[in-house]
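1. attaching a predicted model along with its sequence, questions to come.
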Amino acid sequence: MTSIKQKPNIVHFAVILAIFADLMFPKATAADSLVPSFTAMAGEPAMEAALEADPAYLPRASDRKPQRVIYVTVTAYSSTPDQTDNSPFVTANGTWVHDGTLAANFLRFGTKVRLPDFSGDKVYVVEDRMNQRYSYRADIWMETREAAKQFGVKTLKMEIF
């Protein structure tokens, strides 16, 4: 006969054994059928057209229409300590600055935008933040302080994807 003190030990052992068995012998799940396959994607009209035109070509993000178009004040910055914090080449998102880096407080990290009046079809990615006093502004990263100064302050059309 088992005592009251031994019952919790048996329950704990059964739970641990069940977890161990589940880890060692995984079951097929319904989620396996949710993994997209290339053949499923090939049935979509946009994908079919792209594959017929050029099998190596897939539609680019810039080929689609923007979700929103706004006019915003745009300035430029460079990686100098007086314009950034103590790590001037690292963005607020943790990436290294590069051509196409955009700082904006009103957009999520990773948001893609275009500034067609300034740079045509070039796509910028929001990877940095500005000082919190700037809410609806954007800041383009440039390699040199002189280029950033020459850019100045502009009101530009921004296409948000």
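-> Looks like it came in fine.

2. residues near the closest residue to Ser79 other than its chain neighbours, how many?
-> Ranked by Cβ to Cβ, 6 or more residues apart in numbering and with sequence neighbours excluded, the top spatial neighbour of Ser79 is Pro88, at 4.1 Å. (C-beta placed from N, C-alpha, C; glycine too.) Look at Pro88: counted by other Cβ atoms under 10 Å, it has 14 neighbours.

3. kindly report the same for Ile140.
-> Ile140, neighbours per other Cβ under 10 Å, totals 25.

4. and it, what element?
-> strand 137-141 (DSSP states H and E).

5. next SSE after that strand?
-> Assignment by DSSP H and E places the next element after strand 137-141 at helix 145-151.

6. and the angle for the next helix or strand after that next one with strand 137-141?
-> Following helix 145-151 in sequence order, the next helix or strand is strand 154-160 (DSSP H and E). Counting by axes from the mean of the first three to the mean of the last three Cα atoms, to 10 degrees, strand 154-160 lies at 90 degrees to strand 137-141.

7. which parts of strand 154-160 are buried?
-> Leu156, Met158, Glu159, Ile160 (16 or more other Cβ atoms under 10 Å).

8. ok, and the closest non-adjacent residue to the second one?
-> Spatially, and ignoring its direct neighbours in sequence, Met158 is nearest to Val72 (4.9 Å; Cβ to Cβ, 6+ apart).

9. can you check the last one too?
-> Using Cβ to Cβ, 6+ apart and skipping the chain neighbours, the partner closest in space to Ile160 is Arg68 (4.5 Å).
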